[in-house]
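Enquirer: 3D, please:
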Amino acid sequence: MSVINRFISQQGKILSRRVNRLTLKQQRLITIAIKQARILSSLTYNENFGRTL
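Expert: Okay, here's the model as predicted:
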């Protein structure tokens, strides 16, 4: 989880390729891993980001 947290902002958003300095293929794999972690509840949303109104 510490590896995945490096690619997420404090607001819970996925950081861009330019910030991460990843290739397109690597960014796609990171995005898929983050989304799977969110679905499995391994990665929680930030309070402000995941709140529904």
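
Enquirer: flag the shaky bits of the protein, pLDDT-wise.
Expert: 44-53 (pLDDT under 70).

Enquirer: can you pull out the helices in it?
Expert: 2-5, 17-20, 24-39, 47-50 (DSSP state H).

Enquirer: please name every helix or strand in contact with the second one.
Expert: If contacts are counted by 3 or more Cβ pairs under 8 Å, 6 or more residues apart in numbering; DSSP states H and E, helix 17-20 sits against helix 24-39. The C-beta positions use only the backbone N, C-alpha and C, and glycine is treated the same way.

Enquirer: hang on, the earlier thing: go through the helices of the chain and name the closest to Gln11.
Expert: helix 47-50 (5.3 Å; Cβ to Cβ).

Enquirer: before we move on, the earlier item: which of the helices of the chain is buried the deepest?
Expert: helix 24-39 (a mean of 13; mean count of other Cβ atoms under 10 Å).

Enquirer: give me the contact list for that helix.
Expert: When contacts are defined by Cβ atoms under 8 Å, 6 or more residues apart in numbering, helix 24-39 is touched by residues Met1, Ile4, Phe7, Ile8, Ile14, Arg17, Asn20, Leu22, Leu43, Tyr45.

Enquirer: hmm, the first one is touching Ser42, no?
Expert: Yes: contact between Met1 and Ser42 holds when scored by Cβ atoms under 8 Å: they sit 6.6 Å apart.

Enquirer: so for these two, which sits in the more crowded spot?
Expert: The neighbour count for Met1 versus Ser42, taken as other Cβ atoms under 10 Å, is higher for Ser42 (12 against 7).

Enquirer: show me the contacts for the more buried one.
Expert: Shown in contact with Ser42 (Cβ under 8 Å, 6+ apart): Met1.
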